[in-house]
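J.: Quick one: sequence and predicted model below, then my questions.
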Amino acid sequence: MGSEQPPNQSDDATSSTSKTLWGGRFQEPTDAFVERFTASVQFDQRLYSQDIQGSIAHATMLTSVGVLTGEEAEQIIEGLNAIAADIQSGNFNWSIAREDVHMNIEAALTERIGSVGKKLHTGRSRNDQVATDIRLYLRQAIDAIATQLTRLQQGLIQLAHQEAATIMPGFTHLQTAQPVTFGHHLLAWNAMLERDYSRLLDCQNRLNECPLGAAALAGTTYPIDRAMTAAALGFKKPTDNSLDSVSDRDFAIEFNACASIIMMHLSRFSEELVLWTSSQFDFIDLPDRFCTGSSIMPQKKNPDVPELVRGKFGRVQGHLVSLLSLMKSQPLAYNKDNQEDKEPLFDTVDTLLDCLNAYADMVPAITAKADNMRDAAGKGFSTATDLADYLVRKGIPFRDSHEIVGNAVAKCIDLNCDLSELSLETLQSFSESIDKDVFSILTLEGSVASRNHLGGTAPEQVKQAAAKASDTIKER
Ligand code: ARG
């Protein structure tokens, strides 16, 4: 990510020299407000390194097909590299009057190397240029996001392995349903992230095509070599259709959709972490460094990081809607509307990276309060299904056993006790098929251990699943 300085505001907003890139046709300078309103350099300067990379590939290709001489290309490339160094070290004057990152760099090039700089734009347009820049940018951003995602998954899997036998209540409708293991719960989160990872790579693979050569919209009359620029920039291939190449932003929408699903998942984890840190649940502890206190209530320790991550889902899904709305009904080919794609996209990348980073740091530091989890699992008749299954094994049809257990639960509510605390006599009053072996299945440990099949919550399965998940990640 590039260093971002504010554009040079002292730049004369109405300077007519600034508009020489298309000055020929125009009788009056651009209105000062319009100049600022139509400029994108304030935010698209972030694309400078991709822009320069694309220009170098373009100039090299122009030489190979004989449009530029080797010496011209050399001067251009040297100039572009010097500009990249200036930008990196903060010695570049971004100018609103030069509208966007592309024209800022091109004008600076001509200032630096003279009129040979004006040859760089032969056989291309800002339309294929910007489409190329964003694809390059997103390709890199996805790599960075995938790295953070993997780090988070590693933390989850490790914790899952450690907590493979830790019993907690499993919920449906947020009501105690059946006992599960904490490790199993954590691996459910990992399963979501595993899908997210493959979706991201899929998106990256689809966007990895090079629009350069589409020029403004129809292609160019020069004998360009599109395969060469595509290969130089590490793209799989050139895009197929020049009109589509300059107008397509599907990849940005698709990326933002992937990002929104990840943020949706993080918001679900967040919600559970927030609940679990409350004194009502008290299932886990988050280290102090991920929490903040209250300025008025001395006892408070607030789970700010999960809360904020939950809240940040809003902006990311908002950006998805923005991008979809931006593209809806746009006629072919390039329209200035498309300049609006960048801010949502950049903010999505920044937000997602921050959230994943925070979670990757925080998750390994979660401590399970195993006794509290176990106590909670012991409440709410979480082994009722186990009792029903037990009766089925004794030959009672499931619907009948369901009713028998329902009666037993009603009795427990009366007596304010758990199923495992009823005497054998009392249990037998609901069904003669109940024997003293029932108590082993009414325990929480018995309940989770008996769900010992692929995808089940038994500690043995969780350990195997964690090992498998970890292998999957190693194959990346
Ligand atoms: N700043 C523009 C954008 O972000 C670059 C392309 C402008 N092309 C044009 N013909 N005005 O989309």
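T.: Done, it's in. Numbers count the residues shown, from 1 in each chain.

J.: Next, the buried residues of stretch 267-277.
T.: Ser267, Phe269, Ser270, Glu272, Leu273, Val274, Leu275, Trp276, Thr277 (16 or more other C-beta atoms under 10 Å). C-beta coordinates here come from the backbone N, C-alpha and C atoms, glycine included.

J.: Of those residues, which is the nearest to the ligand?
T.: Ser267 (30.7 Å; C-beta to the nearest ligand atom).

J.: Which positions in the stretch 1-150 of the chain make contact with the ligand?
T.: Residues of the stretch 1-150 of the chain lying close to the ligand by C-beta under 6 Å from any ligand atom are Ser40, Asp44, Asp100, Arg126, Asn127, Val130.

J.: Was I right to think the first one contacts Met103?
T.: It stands for Ser40. No: counting by C-beta atoms under 8 Å, Ser40 does not reach Met103; the two are 9.9 Å apart.

J.: is it possible to export the buried residues of stretch 267-277 to TSV including secondary structure, distance to Val309 and pLDDT?
T.: TSV is the format used below for these (DSSP: H, G, I helix; E, B strand; the rest coil; distance: C-beta to C-beta, whole Å; pLDDT from 0 to 100):
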residue	secondary structure	distance to Val309	pLDDT
Ser267	helix	7	98
Phe269	helix	8	98
Ser270	helix	5	98
Glu272	helix	12	98
Leu273	helix	9	98
Val274	helix	10	97
Leu275	helix	14	98
Trp276	helix	15	98
Thr277	helix	14	96
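
J.: now the helices: where do they sit in the stretch 251-400 of the chain?
T.: 304-327, 342-362, 370-378, 384-393, 398-415 (DSSP state H, counting those that start in this stretch).

J.: swap in the stretch 101-250 of the chain?
T.: Residue ranges of the helices in the stretch 101-250 of the chain, as given by DSSP H, counting those that start in this stretch, are 101-113, 126-162, 182-207, 226-232, 242-247, 250-277.

J.: what comes into contact with the first one?
T.: Here helix 101-113 makes contact (C-beta atoms under 8 Å, 6 or more residues apart in numbering) with 21, 40-41, 44-48, 51-52, 55, 75-76, 78-80, 82-83, 86, 92, 94-95, 98, 117-118, 120-121, 126, 129-130, 133.

J.: switch to 6 Å and redo it
T.: 21, 41, 44-45, 47-48, 51, 75, 79, 83, 94, 98, 117-118, 126, 129 (C-beta atoms under 6 Å, 6 or more residues apart in numbering).

J.: Just the buried residues of it, please?
T.: Neighbour-count burial for helix 101-113 flags Val101, His102, Met103, Asn104, Ile105, Glu106, Ala107, Ala108, Leu109, Thr110, Ile113 (criterion: 16+ other C-beta under 10 Å).

J.: One more: stretch 465-475?
T.: Of the residues in stretch 465-475, those buried (16+ other C-beta under 10 Å) are Ala465, Ala466, Ala469, Ser470, Ile473.

J.: just stretch 158-165 next, same as before
T.: For stretch 158-165, by 16+ other C-beta under 10 Å, it's Leu159, Ala160, His161, Glu163, Ala164, Ala165.

J.: Repeat that for stretch 241-255.
T.: Buried residues in stretch 241-255 (16+ other C-beta under 10 Å): Ser242, Asp244, Ser245, Val246, Ser247, Asp248, Arg249, Phe251, Ala252, Ile253, Glu254, Phe255.

J.: For Ala84, which non-adjacent residue is closest in space?
T.: Ile52 (4.9 Å; C-beta to C-beta, 6 or more residues apart in numbering).

J.: Cool, thanks, signing off.
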